[in-house]
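Engineer: need a 3D model of the following:
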Amino acid sequence: QVHVVESGGGLVEAGGSLRLSCVASGRTFSDYVLGWFRQAPGKEREFVAAITWSGSTTHFKDSMNGRFTISRDNAKNTVYLQMNTLKPEDTALYYCAAGRYLLTDSHEYTYWGQGTQVTVSS
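Structural biologist: Residues are numbered from 1 along each chain as shown. Below is the predicted model:
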């Protein structure tokens, strides 16, 4: 069992930055990939980025590469999503999820947090 909790969302103006955090816990969390997904009102949940627990491999949705970075601090059991040059279309509920493999399909992730809201004003 893995438990993840997100934080760091908020309201920011377009062009601004936010850093989301995902704290993971559980006996076997080190076996899991941690990914970020987001869901805007009326839209399907979409993949944002993911990282293996070793940090050796990361993957991003194409449109976010260059604006978003993902990193981890194993000592704190935390994965971060740094979001720069935010746009109004980045407004969504951002979820952290744990899965066995670095995939972009949300169905491949087993454990989910409650989400943290990111709102970007124009």
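Engineer: how far does stretch 58-68 stretch from one end to the other?
Structural biologist: With CA to CA, to the nearest Å as the measure, the ends of stretch 58-68 fall 11 Å from one another.
Engineer: what does it contact?
Structural biologist: 46-52, 70, 81-86, 102, 104 (CB atoms under 8 Å, 6 or more residues apart in numbering). No exception for glycine: its C-beta is placed from N, CA and C like everyone else's.
Engineer: put the buried members of those into a PyMOL selection.
Structural biologist: Those of the contacts of stretch 58-68 that count as buried under 16 or more other CB atoms under 10 Å are selected in PyMOL with:
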select buried, resi 47+48+49+50+51+70+81+83+86+104
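Engineer: quick check, nearest of the contacts of stretch 58-68 to residue 122?
Structural biologist: residue 86 (10.6 Å; CB to CB).
Engineer: give me the pLDDT for that closest one.
Structural biologist: On the pLDDT scale, residue 86 is placed at 96.
Engineer: Three-state assignment for it, please.
Structural biologist: Put simply, residue 86 is coil when judged by DSSP: H, G, I helix; E, B strand; the rest coil.
Engineer: what's near enough to touch it?
Structural biologist: So residue 86 contacts 12, 14, 15, 16, 17, 18, 67, 118, 120 (CB under 8 Å, 6+ apart).
Engineer: among those residues, which one is most surrounded by other residues?
Structural biologist: residue 118 (22 neighbours; other CB atoms under 10 Å).
Engineer: where in the chain is pLDDT low?
Structural biologist: For the chain, applying pLDDT under 70 flags the ranges 27-29, 65.
Engineer: element containing residue 34?
Structural biologist: Assessed by DSSP states H and E, residue 34 sits inside strand 33-39.
Engineer: what helices or strands is that strand leaning on?
Structural biologist: strand 18-25, strand 46-51, strand 78-83, strand 92-99, strand 109-112 (3 or more CB pairs under 8 Å, 6 or more residues apart in numbering; DSSP states H and E).
Engineer: distance from the chain centre to the next helix or strand after the second one, please.
Structural biologist: Going back to what we said before, that points to strand 46-51. Scanning forward in sequence from strand 46-51 by DSSP H and E, the next helix or strand is strand 58-60. Offset of strand 58-60 from its chain centre (CA atoms, centre = their mean, to the nearest Å): 11 Å.
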